[in-house]
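Q: my questions concern the predicted model and sequence given below.
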Amino acid sequence: MFRKQLEDVTPPDLEAGHVDIVTDRLRLSPVGPEHRDAVVAALSDEDVARNLAQVPFPYTADHFDAFLEEFSKNSVCGEMCLAISDWKTGVFLGLIGLRSGHPHPEIGYWLAKAYWSKGIMKEAAAALLDHVFAISDEPVIYSGHFVDNLRSGKVLSFLGFRETGNSRVHSLARGEDVDHRDMELTREAYFGIGTEADGGRKRARTRGNSYAMDY
């Protein structure tokens, strides 16, 4: 989901605490042991795993347990790893998260293949970004995608992310370095302020309402 392992860097101004976000269709809530089987099933699909940097393939329950233990022990203030589910049925759809970085945090995500091309990740990512920008003064969020993962590129462009360069990032599932498109989102682009309004205008036309609860 992210390019690098967890780093001991606290993103500025991001609050800690339990996060539960509900949108028109979705619920974003902290990932836990109850999501193990669904996560393993989704990441056992090579078409999903190959789009991620830090996910091995084949993916097993042991991998999930190790990830959850590492995140619980090493995540710092403001970092999140949230399960995306259908808020009406509770069906697990994927994961989305925010992790610290230099000098700005990074958002990462994935969906089980059955839920691709339904606008789910646009809705989930917009809700999480709403939350992050609301609780912090963070001016920039980083992200990116492997160049052959066109779906992720469309999600990021929709949200207002813009390309900043290209790099080579190792994919555990593929077992090789892969061309990667590096992107960033400014607060101005996201909210459609001034000359960076494209992301905000597109998002306003199609996104659902979101409601965040911290406790």
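A: On my side now, so go ahead. Numbering: from 1, shown residues only.

Q: what part of this protein, helix or strand, is modelled with the least confidence?
A: Sorted by mean pLDDT, DSSP states H and E, the helices and strands of the chain end with strand 210-214, the least confident at a mean of 46.

Q: how far does the helix or strand that contains residue 48 sit from the chain's center?
A: Taking DSSP states H and E as the definition, residue 48 sits inside helix 46-49. Relative to the centre of its chain, helix 46-49 is centred 16 Å away, using CA atoms, centre = their mean, to the nearest Å.

Q: now stretch 31-50
A: Counting by CA atoms, centre = their mean, stretch 31-50 comes out at 15 Å from the chain centroid.

Q: mind listing what's buried in the longest helix seen in the chain?
A: As assigned by DSSP state H, the longest helix anywhere in the chain is helix 120-135. Buried positions in helix 120-135, judged by neighbour count with 16 or more other CB atoms under 10 Å: 120-133, 135. C-beta here means a position set from N, CA and C on the backbone, and glycine is covered the same way.

Q: where in the chain is pLDDT low?
A: Along the chain, the parts satisfying pLDDT under 70 run over 1-18, 194-215.

Q: could you redo the last one with a cut-off of 50?
A: 5-16, 197, 201, 205-207, 212-215 (pLDDT under 50).

Q: how about the helices of it, start to end?
A: 36-43, 46-49, 61-74, 120-135, 150-159, 187-191, 198-206.

Q: next, the buried residues of the second one.
A: I take that to be helix 46-49. Buried residues in helix 46-49 (16+ other CB under 10 Å): 48, 49.

Q: repeat for the first one
A: Of all the residues in helix 36-43, those buried under the rule 16+ other CB under 10 Å are 38, 39, 40, 42, 43.

Q: may I ask which two of these are separated the most?
A: Across these, the longest distance by CB to CB is 9.7 Å; it joins 38 and 43.
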